[in-house]
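Trainee: this one's structure only:
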């Protein structure tokens with residue numbers, strides 16, 4: 001089958017997408033909350049909105065999250081995108097980001113800025129490209145996720161790649177890091193140092209961004225190896241998905257097993273998994289919409305908390321369901337145990353540290369990736385059918401903060 005163009009999305013089987021009304025409402029919520037997450041005087045998004053003592057307040061700023069949000073807004077109608085940016089045009093916010101890149105030392109921030117700039121048609125995009133080259137994604141020890149963003153930034157859209165040689169070399173490094181037997185990607189590329197006790201662990205982000213990036217790259221350059229890796233990893237995370245639709249967090253790249261499931265992040269359910277799987281679907285032709293559908297169902301009603309992370313009253317999707325535990329104790333214990341042998345796990349963690357806590361935080365990149373995964377042009381192709389819609393379960397979470 002001839003590869004589709006990079007970034008193309010196929011028509012999904014609408015019978016499995018009975019959640020389309022939920023998608024429409026999630027999109028509307030994202031557009032409604034984004035103005036509260038933007039600082040127009042600085043042309044930058046906040047790091048997060050956080051609920052403390054009943055009040056929801058903005059915290060910090062993030063260049064990275066600004067770029068990711070712009071990627072999502074790139075496919076929105078001009079008036080909706082401006083409204084989400086307090087009246088500013090996305091291209092102007094993107095160009096403000098580009099003017100800052102010269103001093104950046106983080107490859108990820110630079111890559112997503114280039115990605116956004118290319119989609120928006122910003123002026124002086126070459127400035128971001130020059131910074132990307134300086135940070136050397138081919139040889140320096142950058143994380144897997146940041147290499148994936150680099151590949152995506154160099155391959156998205158209808159235009160030719162601005163640097164095919166760099167795209168090929170970075171994609172090759174990413175592909176060489178793929179564990180073909182486990183069908184998973186590690187947290188660090190194969191030629192970079194990794195922590196002794198968790199070098200075998202790859203998180204969910206380490207899977208979805210390479211799935212998406214290699215799908216884009218494979219379509220752009222008709223590269224079968226890239227498409228096969230994208231498809232293989234997409235199949236694997238679907239196989240490992242939780243019974244109730246949870247996209248689990250930590251995986252063993254040696255054995256292909258889940259190391260630790262929690263926390264379950266809302267952004268994985270309605271944004272990161274769909275955007276990766278739909279990209280893989282466009283590249284290889286395999287249909288992943290049943291898994292996407294199941295992930296959305298978990299977000300509408302999460303059995304761990306008997307409610308939802310979707311807060312319709314405040315137009316906020318809260319960040320995650322996690323264990324009630326000190327710090328990241330369970331993840332650390334399971335990483336150490338599985339480092340001894342792939343089959344070893346610390347028993348009793350669910351009873352000792354039940355996954356019933358809610359992280360009362362929401363970050364703007366979630367809204368960006370949600371809009372990127374389900375742009376209006378795609379969501380309108382879902383046939384309307386009887387569906388589970390967003391309703392009271394979200395308020396049940398808000399009504400009982402002390403118990404979750």
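Mentor: Great, that's in hand. None of the values given here were measured: they were computed from a predicted structure.

Trainee: other residues contacting stretch 230-238?
Mentor: If you take CB atoms under 8 Å, 6 or more residues apart in numbering as the criterion, stretch 230-238 is touched by 178, 180, 182-185, 204, 207-208, 210-212, 214-215, 218, 247, 256, 273, 276-277, 279-281, 283-284, 286, 288, 291. Every C-beta, even on glycine, is put in place using the N, C-alpha and C of the backbone.

Trainee: what's the nearest residue to residue 162 if we skip its chain neighbours?
Mentor: Setting aside the residues directly before and after it, residue 162 is nearest to residue 129 in space (CB to CB, 6 or more residues apart in numbering), at 5.5 Å.

Trainee: what's near enough to touch the one you found?
Mentor: Neighbouring residues of residue 129 by CB under 8 Å, 6+ apart: 114, 162, 163.

Trainee: gap between residue 47 and residue 361?
Mentor: Taking CB to CB, to the nearest Å as the measure, residue 47 falls 9 Å from residue 361.

Trainee: thinking again about what came up before, buried stuff in the helix or strand hosting the residue nearest to residue 162?
Mentor: Applying DSSP states H and E as the criterion places residue 129 in helix 125-135. Of the residues in helix 125-135, 125, 127, 128, 129, 131, 132, 135 count as buried by neighbour count, 16 or more other CB atoms under 10 Å.

Trainee: and stretch 97-116, by the same measure?
Mentor: With burial defined by 16+ other CB under 10 Å, the residues of stretch 97-116 counted as buried are 97-98, 100-101, 104, 107-116.

Trainee: now what about it, what contacts it?
Mentor: Counting by CB under 8 Å, 6+ apart, the neighbours of stretch 97-116 from elsewhere in the structure are 43, 63-64, 66-68, 70-71, 74, 94, 117, 122-125, 127-129, 131-132, 135, 137, 140, 142-143, 145-147, 149-150, 152-154, 156.

Trainee: can you rerun that using 7 Å?
Mentor: Outside stretch 97-116, the residues that touch it by CB atoms under 7 Å, 6 or more residues apart in numbering are 63-64, 66-68, 70-71, 74, 94, 117, 122, 124-125, 127-129, 131-132, 135, 137, 142, 145-146, 149-150, 152-153, 156.

Trainee: now residue 91: closest residue in space that isn't a chain neighbour?
Mentor: On the basis of CB to CB, 6+ apart, the spatially nearest residue to residue 91 that is not a chain neighbour turns out to be residue 120, at 4.8 Å.

Trainee: OK, contacts around the one you found?
Mentor: Applying CB under 7 Å, 6+ apart, we find residue 120 in contact with 70, 74, 90, 91, 94.

Trainee: quick one: the helices in the stretch 51-200 of the chain, in order.
Mentor: With DSSP state H, counting those that start in this stretch as the definition, the stretch 51-200 of the chain shows helices at residue ranges 63-73, 78-84, 90-98, 107-120, 125-135, 144-155, 164-176.

Trainee: figure out how far the fifth one is from the centre of its chain.
Mentor: On the basis of CA atoms, centre = their mean, to the nearest Å, helix 125-135 is displaced by 23 Å from the centre of the chain it belongs to.

Trainee: mean confidence for that helix?
Mentor: Here the mean pLDDT over helix 125-135 is 98, rounded to a whole number.

Trainee: and the angle for it with helix 107-120?
Mentor: When axes from the mean of the first three to the mean of the last three CA atoms, to 10 degrees is applied, the directions of helix 125-135 and helix 107-120 differ by 160 degrees.

Trainee: one more: the third one?
Mentor: In this structure, helix 90-98 runs at an angle of 150 degrees to helix 107-120, with the same axes, to 10 degrees as the basis.

Trainee: repeat that for the last one.
Mentor: Here the directions of helix 164-176 and helix 107-120 differ by 130 degrees (the same axes, to 10 degrees).

Trainee: what packs against the helix or strand just after helix 164-176?
Mentor: Tracing the chain past helix 164-176, the next element assigned as helix or strand by DSSP H and E is strand 201-203. The helices and strands touching strand 201-203, judged by 3 or more CB pairs under 7 Å, 6 or more residues apart in numbering; DSSP states H and E, are strand 250-252.

Trainee: which strands and helices sit next to the strand it packs on?
Mentor: Judged by 3+ CB pairs under 7 Å, 6+ apart, the packing partners of strand 250-252 are strand 201-203, strand 257-260.

Trainee: packing partners of the helix or strand following the last one?
Mentor: Reading on from strand 257-260 to the C-terminus, the next helix or strand found by DSSP H and E is strand 264-265. In terms of contacts (3+ CB pairs under 7 Å, 6+ apart), strand 264-265 is packed against strand 320-322.

Trainee: mind listing what the strand it packs on pairs with, with the direction of each?
Mentor: According to DSSP bridges, strand 320-322 has the following sheet partners: strand 264-265 (antiparallel), strand 357-359 (antiparallel).

Trainee: of those, which is nearest residue 190?
Mentor: Closest approach to residue 190 among the strands paired with strand 320-322 (CB to CB): strand 264-265, 26.2 Å.

Trainee: contacts for the closest one, please.
Mentor: Contact with strand 264-265 is made by 246, 247, 319, 320, 321, as judged by CB under 7 Å, 6+ apart.

Trainee: save the residues you listed as a markdown table, and put in distance to residue 234 and pLDDT too.
Mentor: Formatted as a markdown table, the contacts of strand 264-265 follow (distance: CB to CB, whole Å; pLDDT from 0 to 100):
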| residue | distance to residue 234 | pLDDT |
| --- | --- | --- |
| 246 | 17 | 98 |
| 247 | 12 | 98 |
| 319 | 24 | 97 |
| 320 | 22 | 97 |
| 321 | 24 | 97 |
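
Trainee: with the residues you listed in mind, which one is nearest to residue 263?
Mentor: When those are compared for distance to residue 263, the smallest value, 4.2 Å, is given by residue 320; criterion: CB to CB.

Trainee: ok, and the closest non-adjacent residue to the most centrally placed residue in the chain?
Mentor: Closest to where the C-alpha atoms of the chain average out (CA atoms, centre = their mean) is residue 272, at 3.1 Å. Counting by CB to CB, 6+ apart, the nearest residue to residue 272 once its immediate chain neighbours are dropped is residue 208, at 4.7 Å.
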